[in-house]
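In: curious how this folds, go ahead:
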Amino acid sequence: MVNSSNSPTDDDEDLLSFAEEDAQLAEELEKPWKILIVDDESEVHHVTDLALADMQVVNRPLELLHAESGEQARSMMRDHPDVAIILMDVVMETEHAGLDAVEYIRETLGNRFVRIILRTGQPGQAPERDVITRFDINDYKEKTELTADKLFTCIYTSVCAHRDLLALDSARAGMETILEAASSLFELQPRNNFYQGALQQLSGFLHIAGSTALVRLNDDQEEPTILAATGWLSGATGRSAARVLGDGAMEKISRAFGTAASHAGNDHYTGYFEINDSSVCVLYMPLEEPLSTARKGLADGFCQHLAVVVRNFEQLQ
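Out: Model (predicted):
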């Protein structure tokens with residue numbers, strides 16, 4: 001009998017849920033990177049603003065915040081714990097105001113993710129080796145050496161390091177949660193829901209807004225099928241991967257199957273893992289930019305953990 005009701009089905013609700021999650025992730029990926037400039041000289045703020053104007057890192061703009069003292073820097077970091085980079089002057093209201101602020105940010109606020117770059121016009125006030133080792137400083141520059149080009153490079157690499165640190169911490173916490181909950185999830189929900197949830201977690205770890213697909217190939221199959229997927233692919237579970245993904249994606253997936261190895265290209269990642277002697281999987285992720293070494297390591301580790309979960313599911317059958 002055809003259901004003529006206008007009420008949404010469970011599948012409709014699942015698709016809506018995945019669409020909302022994709023929208024939230026896409027919105028997160030469009031937020032600007034916050035850069036805090038701390039200096040008691042107004043000219044330094046002005047010059048830095050000009051040097052960083054219209055700069056983008058990984059397709060996200062910068063939001064420049066300003067503080068003119070160590071005390072203001074403390075307040076700004078309390079209000080904006082998601083600041084990615086701090087350009088910190090050393091000598092302001094006191095000779096060590098910047099270092100005192102750094103100590104407060106690291107120890108009192110416990111913020112280990114913000115990248116702190118000291119800028120000083122008086123290098124003798126803070127010996128470089130002592131400062132870096134004692135205060136958990138990520139870089140140390142004299143103001144005279146930070147030209148516009150060098151500042152651009154410094155900010156770009158530091159923001160990428162900040163992003164990777166967040167991804168590593170999220171991955172660690174997420175993996176622990178998934179593995180701790182796995183045993184109960186076996187009984188509480190269908191396998192496909194679990195796989196989709198895991199793939200959503202990975203997309204969040206790696207800051208990927210696009211859809212992903214987990215493709216499986218058994219010895220008794222002529223072609224691989226989609227075991228689980230996210231985003232616009234979420235309704236394709238159980239279907240032929242070739243028919244859904246197309247020739248370009250399948251060429252990359254087939255390469256992973258053929259070489260029995262994971263690959264990372266400029267526009268994709270394919271993570272290979274074995275379930276048993278007669279069944280293997282490839283996690284396919286289209287990318288807008290190549291994965292960094294750290295993010296590829298996260299993806300590889302995710303596949304290893306997911307392989308364990310899939311094997312456990314198989315044993316419950």
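
In: and the helices in the stretch 51-200 of the chain?
Out: 70-79, 97-103, 128-135, 148-188, 191-206 (DSSP state H, counting those that start in this stretch).

In: leaving out the residues flanking it, which one is nearest to residue 98?
Out: The shortest distance from residue 98 to any non-neighbouring residue, by CB to CB, 6 or more residues apart in numbering, is to residue 90 (4.1 Å). From N, CA and C alone the C-beta is placed, and that goes for glycine too.

In: in contact with that neighbour, which residues?
Out: With contact set as CB atoms under 8 Å, 6 or more residues apart in numbering, residue 90 has these partners: 96-99, 118-120, 122, 125-126.

In: hmm, residue 89 is touching residue 44, no?
Out: Yes - Residue 89 lies in contact with residue 44 (CB atoms under 8 Å); the separation is 7.3 Å.

In: common neighbours of those two, please.
Out: Joint contacts of residue 89 and residue 44 (CB under 8 Å, 6+ apart) are residue 119.

In: got phi/psi on the residue nearest to residue 98?
Out: When read as degrees, to the nearest 10, the backbone of residue 90 gives phi -90, psi -50.

In: separation between it and residue 99?
Out: Distance of residue 90 to residue 99, computed by CB to CB, to the nearest Å: 6 Å.

In: show me where the protein has its strands.
Out: Along the chain, the segments classed as strands by DSSP state E run 33-38, 56-57, 60-67, 85-89, 115-120, 139-142, 213-218, 225-229, 263-264, 268-276, 279-286.

In: export those to a markdown table and tack on distance to residue 105 and mean neighbour count?
Out: Shown next, in a markdown table, are those (distance: least, CB to CB, whole Å; neighbours: other CB atoms under 10 Å):
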| stretch | distance to residue 105 | mean neighbour count |
| --- | --- | --- |
| strand 33-38 | 10 | 24 |
| strand 56-57 | 21 | 16 |
| strand 60-67 | 12 | 17 |
| strand 85-89 | 8 | 27 |
| strand 115-120 | 7 | 22 |
| strand 139-142 | 15 | 16 |
| strand 213-218 | 40 | 22 |
| strand 225-229 | 41 | 24 |
| strand 263-264 | 34 | 17 |
| strand 268-276 | 34 | 20 |
| strand 279-286 | 34 | 22 |
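
In: which pLDDT value does the model give residue 190?
Out: What the model reports for residue 190 is a pLDDT of 56.

In: swap in residue 158?
Out: Model confidence at residue 158 (pLDDT) stands at 94.

In: now do residue 102
Out: Taking residue 102 on its own, its pLDDT is 95.

In: quick one, what contacts it?
Out: 88, 116, 118, 135-137.

In: and with 7 Å instead?
Out: When contacts are counted by CB atoms under 7 Å, 6 or more residues apart in numbering, residue 102 touches 88, 116, 135, 137.

In: show me the contacts for the third one.
Out: Taking CB under 7 Å, 6+ apart as the criterion, residue 135 is in contact with 99, 102-103.

In: which one of the contacts of residue 90 is nearest residue 304?
Out: residue 118 (38.8 Å; CB to CB).

In: beta-bridge partners for the closest one, please?
Out: For residue 118, the beta-bridge partners under DSSP bridges are residue 88, residue 140.

In: test my guess that it contacts residue 86.
Out: No - look at residue 118 against residue 86 with CB atoms under 7 Å: they stay out of range, at 9.0 Å.

In: how about residue 56: what's its closest non-neighbour residue?
Out: Nearest to residue 56 is residue 62, by CB to CB, 6+ apart, at 7.4 Å.

In: same question, residue 169
Out: In space, residue 169 is closest to residue 113, 7.3 Å off (CB to CB, 6+ apart).

In: burial measure for that neighbour, as a count.
Out: By the measure other CB atoms under 10 Å, the count of residues near residue 113 is 16.

In: look up how far residue 208 lies from residue 85.
Out: Remark: distance between residue 85 and residue 208 (CB to CB) = 23 Å.

In: fine, thanks again, bye for now.
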